[in-house]
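**Student:** Predicted model, plus sequence, below.
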Amino acid sequence: MSGEFRKYLDKVSAWAVRAQAAGWLNERDLERLGAVETASSGELFADKERRPLIVGFFGGTGVGKSSLLNRLARHPVAAAGVRRPTSTRATIYVHRSQTLKGFPAGSPIAETHVEYHDVDSRRDVAWLDMPDIDSVEAGNRRLVLAWLPYVDWLVYVVSPERYRDEIGWHLLEARHRKHHWLFVVNRWDEAVDVQLSDFAADLREAGFDDPLVLRTSCSGQAEDDFDQLEGLVNAAIRDHGLKELQRIGMLARLEELADAGEDLRRRFGADGDWDALRRQFEEQAAERLDSLEERLGTELEFVAQKYPPRPAIWRADPVAPALPGQDLSAAIDSSYATALIDDIAMDMVVIADEKGVCGGPCRTAVQAALAGAGESTLAQVSSGLAEAVKTPGGTVGRHMGRSMELVSYVLPALTGGWVAWNVVERYRRGLAGEDGFLGIDFAVHSLLMIGLSWLVPFLLSRLFRPSLRDAARRGIRTGLGRAAKSIRKSLTGALDELSSGRRELLDAYPAGQRLQDRP
């Protein structure tokens, strides 16, 4: 089972490395996964199936751990006293028939002292005497913590005056689900009954549902629960066996791994939060782009002012001016545009943090989508401006202007022709006595008709003349609109790709069979 757990942990670790490469996780996240314990007591013995139960004793200075260990072992396997060897090192007491494979090189437990005994009734138990947990030596605490993953049963030994030791209590709270525990108030002859109930209440508050607290007195001066303690150890070997005890530790590790994996997947955000994040970001990005479009439109107005306006109707067409250059970079406050585009990327990160989603890949995706957005905007504006001034005015306006200009020539000619025809015809008829000659009224009206037939289309052609300045404004707005649309499209594509990658990683999280479901 330990081997299967390691394989599953390796799969989760490989997934986490992949997620880190995609930016969803960081080194601290992987450290949390690396903190999941993999060591087991079976690794210390050549025969994993027949190895002994490792019972570890830990507690503060002077609580009587070694004296209690000797009493349980029914043999002086541990040196008692405040100057005992285990004050600064760990000692494991095993039956001579058990073969130790060796301690992990480089680990603090590598220097553990091994003492062999010949008590056959204790063949299936290995007693571990650890340094005092409250030692001022930091190395002692590191040694205790390094040994804990290999311990099947932990016997927490306290004394009447030191059952609420702060350092030991922190360890209890951190590991209360990783071991089978026994709690012993040693030196009971020095205690009062209320201390037992107080200790049990503190344990329940620390997360132990039904803690068993036993009383021992190695001095033999008080009635205690030593027989019950010894019976529990024997029953654990006889009734439960090593596999069941290993299973308890392995389930705790599986739960620790599941909690670590859940924390890692939480960095991706819940699906509902992710969808809300997208909607909120797209709305906020649209507002930012509208602001950018308005700001750049205002700054580019002075470019449009360089183009001539529509001339007055009664004035002749001016000489065609030289059009302004198309390099617009000097006309735009690029720092503002760059800062605003950076703000769009920061918006994504801020919203992601609000939703509990890792902002790293969000920032990367948005920045990639916005890469070159400033240059693209200038190019779109330049293109729109060039197209607009090349064909100024609307299509209808241009056709109307050209039509009226043509009419201003054709209509007066037709009117003049009609007047000439009437003059010749009335003159012929006057000579023949058929009608009178034309008078001054006809001449005046004819001149008025010819003048109006020219003036009206002439004025209309002038009225429809396009304004290069208006055309420049329209081209600038068109270019800005295209640029904003292009940026929105890039952002949408980046978010789609990001969403797809997120879902792919979440779906790729390795699913392992729950160990508690196995026989």
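**Tutor:** Everything's here; your move.
**Student:** Check which residues of stretch 128-136 are buried.
**Tutor:** Within stretch 128-136, the residues that count as buried by 16 or more other Cβ atoms under 10 Å are Leu128, Asp129, Met130, Pro131, Asp132, Ile133, Asp134, Ser135. For every residue, glycine as well, the C-beta is placed using N, CA and C.
**Student:** Which single helix of this protein contains the most residues?
**Tutor:** Of all segments of type helix in the chain, defined using DSSP state H, the longest is helix 468-507.
**Student:** Break down the stretch 101-250 of the chain into its helices, ranges please.
**Tutor:** 138-147, 166-175, 193-205, 226-235, 241-266 (DSSP state H, counting those that start in this stretch).
**Student:** do you know which of those helices lies nearest Gly479?
**Tutor:** Distance to Gly479, taken as Cβ to Cβ, is lowest for helix 241-266 among the helices of the stretch 101-250 of the chain, at 43.8 Å.
**Student:** helices or strands up against the helix or strand following that closest one?
**Tutor:** Next along the chain after helix 241-266, taking DSSP states H and E as the criterion, comes helix 271-299. Other helices and strands packing on helix 271-299, by 3 or more Cβ pairs under 8 Å, 6 or more residues apart in numbering; DSSP states H and E, are helix 334-354, helix 468-507.
**Student:** Can you check what angle separates the helix or strand following the shortest one from helix 334-354?
**Tutor:** Right, the one you point to is helix 334-354. Using DSSP H and E, the helix or strand that directly follows helix 334-354 along the chain is helix 360-370. For helix 360-370 against helix 334-354, the angle by axes from the mean of the first three to the mean of the last three Cα atoms, to 10 degrees is 150 degrees.
**Student:** Tell me which residues touch the residue nearest the centre of the chain, please.
**Tutor:** By Cα atoms, centre = their mean, the chain has its centre lying nearest to Cys358, at 1.2 Å. Counting by Cβ atoms under 8 Å, 6 or more residues apart in numbering, Cys358 makes contact with Gly23, Trp24, Leu25, Arg267, Phe268, Gly269, Ala352.
**Student:** how does it look with 10 Å?
**Tutor:** Counting by Cβ atoms under 10 Å, 6 or more residues apart in numbering, Cys358 touches 19, 22-26, 29, 264, 266-269, 349, 352, 502.
**Student:** Put the buried members of those into a ChimeraX selection.
**Tutor:** Applying 16+ other Cβ under 10 Å to those leaves a buried subset, and the ChimeraX line that selects it is:
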select :19,22,23,24,25,29,264,267,268,269,349,352,502
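**Student:** now, the most widely separated pair of the contacts of Cys358?
**Tutor:** When these are compared pair by pair using Cβ to Cβ, the two farthest from each other are Leu264 and Val349, 19.3 Å apart.
**Student:** For the residue sitting furthest away from the middle of the chain, which three-state class applies?
**Tutor:** Using Cα atoms, centre = their mean, the residue of the chain lying farthest from its centre is Gly433. It sits 106.7 Å away. Here Gly433 takes the coil state, with states given by DSSP: H, G, I helix; E, B strand; the rest coil.
**Student:** For stretch 52-68, list every residue counted as buried.
**Tutor:** With the criterion 16+ other Cβ under 10 Å, stretch 52-68 contains buried residues 52-61, 63-68.
**Student:** Of the residues you listed, which belong to helices?
**Tutor:** The subset of the buried residues of stretch 52-68 that ends up in helices is Lys65, Ser66, Ser67, Leu68, with DSSP H as the criterion.
**Student:** Could I get the helices and strands packed on helix 271-299 in a markdown table, plus columns for distance to Thr415 and mean pLDDT?
**Tutor:** What follows is the helices and strands packed on helix 271-299, written out as a markdown table (distance: least, Cβ to Cβ, whole Å; pLDDT from 0 to 100):
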| stretch | distance to Thr415 | mean pLDDT |
| --- | --- | --- |
| helix 334-354 | 58 | 78 |
| helix 468-507 | 34 | 88 |
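**Student:** Reformat those helices as CSV; add distance to Ser121.
**Tutor:** As requested, the helices and strands packed on helix 271-299 are arranged in CSV below (distance: least, Cβ to Cβ, whole Å):
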stretch, distance to Ser121
helix 334-354, 61
helix 468-507, 54
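**Student:** ok, Pro52 to Met400 distance?
**Tutor:** Between Pro52 and Met400 the computed distance is 105 Å (Cβ to Cβ, to the nearest Å).
**Student:** related to what we said a few turns ago, out of the ones in helices among the buried residues of stretch 52-68, who's nearest Val151?
**Tutor:** Comparing these against Val151 with Cβ to Cβ places Lys65 closest, at 13.6 Å.
**Student:** Enumerate every residue touching Ser107.
**Tutor:** Taking Cβ under 10 Å, 6+ apart as the contact definition, Ser107 lies against Ala39, Arg142, Leu143, Ala146, Trp147, Tyr150.
**Student:** Among those, the buried ones, what's the PyMOL command?
**Tutor:** When burial is assessed using 16+ other Cβ under 10 Å, the buried subset of those is captured in PyMOL by this command:
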select buried, resi 39+143+146+147+150
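**Student:** which of the contacts of Ser107 lies closest to Leu491?
**Tutor:** Ala39 (48.0 Å).
**Student:** quick one: that closest one and Phe5, what's the gap?
**Tutor:** 11 Å.
**Student:** Need the helices of the stretch 101-250 of the chain in CSV (columns: distance to Ser291 and mean pLDDT).
**Tutor:** Rendered in CSV, the data for these read as follows (distance: least, Cβ to Cβ, whole Å; pLDDT from 0 to 100):
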stretch, distance to Ser291, mean pLDDT
helix 138-147, 56, 80
helix 166-175, 51, 72
helix 193-205, 56, 83
helix 226-235, 73, 80
helix 241-266, 34, 73
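**Student:** related to what we said a few turns ago, distance-wise, check the residue nearest to the centre of the chain relative to Leu498.
**Tutor:** Noted for Cys358: a distance of 11 Å to Leu498, by Cβ to Cβ.
**Student:** Mind listing the shared neighbours of those two?
**Tutor:** Both Cys358 and Leu498 are in contact with Ala22, Gly23, where contact means Cβ under 10 Å, 6+ apart.
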